[in-house]
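Visitor: how would this look folded up:
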Amino acid sequence: MNKSELIEEIQKRMGEKATRVLAEEALSAVLESVKHGIEKDQMVQLVGFGTFSVSERKARNGVNPQTGKPIKIAASKNVKFKPSAHLKDLC
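Guide: From the prediction side, this is the model:
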């Protein structure tokens, strides 16, 4: 399912009076709220769905695959998602 299909699904679930624009605004509001929560609190927990959290990766040594020379890979942060047990059961 891509973003356009997700917007259509949201529109259907919102009822007959919902427009595509309203459904798109609802999705954008949710996504922006998740982004803000991750930025502010480093975690967003949606009971029954899952948890978004920030994971830190330490700096490490690697190898350039083209040259075979060692390189230093800087520390970085990533967003991690852990699905709830209910969401896992759907698969």
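Visitor: contacts, neighbours, all on C-alpha from now
Guide: Fine.
Visitor: three-state assignment of the closest residue to residue 79 other than its chain neighbours?
Guide: Excluding the flanking residues, the one nearest residue 79 by C-alpha to C-alpha, 6 or more residues apart in numbering is residue 54, at 4.7 Å. Secondary structure assignment for residue 54 (DSSP: H, G, I helix; E, B strand; the rest coil): strand.
Visitor: for residue 54, grab the count of nearby residues.
Guide: Residue 54 has 16 neighbours, counted by other C-alpha atoms under 10 Å.
Visitor: and it, how far is that from residue 90?
Guide: 25 Å (C-alpha to C-alpha, to the nearest Å).
Visitor: ditto for residue 9
Guide: 18 Å.
Visitor: which one's more surrounded, these two?
Guide: With neighbours defined as other C-alpha under 10 Å, residue 9 and residue 90 compare such that residue 9 has more, 14 against 6.
Visitor: check that one and give its pLDDT.
Guide: Per-residue pLDDT puts residue 9 at 95.
Visitor: host element of it?
Guide: Assigned by DSSP states H and E, residue 9 falls within helix 3-14.
Visitor: C-alpha coordinates for that helix, PDB please?
Guide: Output in PDB follows, covering the C-alpha atoms of helix 3-14 (Å, rounded to 0.1, in the frame of the first residue of the first chain):
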ATOM      1  CA  LYS A   3       0.600   6.800   0.400                       C
ATOM      2  CA  SER A   4      -2.200   7.500  -2.100                       C
ATOM      3  CA  GLU A   5      -3.900   4.100  -1.300                       C
ATOM      4  CA  LEU A   6      -3.500   4.800   2.400                       C
ATOM      5  CA  ILE A   7      -5.300   8.200   2.000                       C
ATOM      6  CA  GLU A   8      -8.100   6.400   0.100                       C
ATOM      7  CA  GLU A   9      -8.500   3.900   2.900                       C
ATOM      8  CA  ILE A  10      -8.500   6.700   5.500                       C
ATOM      9  CA  GLN A  11     -11.200   8.500   3.500                       C
ATOM     10  CA  LYS A  12     -13.400   5.400   3.400                       C
ATOM     11  CA  ARG A  13     -13.100   4.800   7.100                       C
ATOM     12  CA  MET A  14     -13.900   8.400   7.900                       C
END
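Visitor: okay then, goodbye and thanks.
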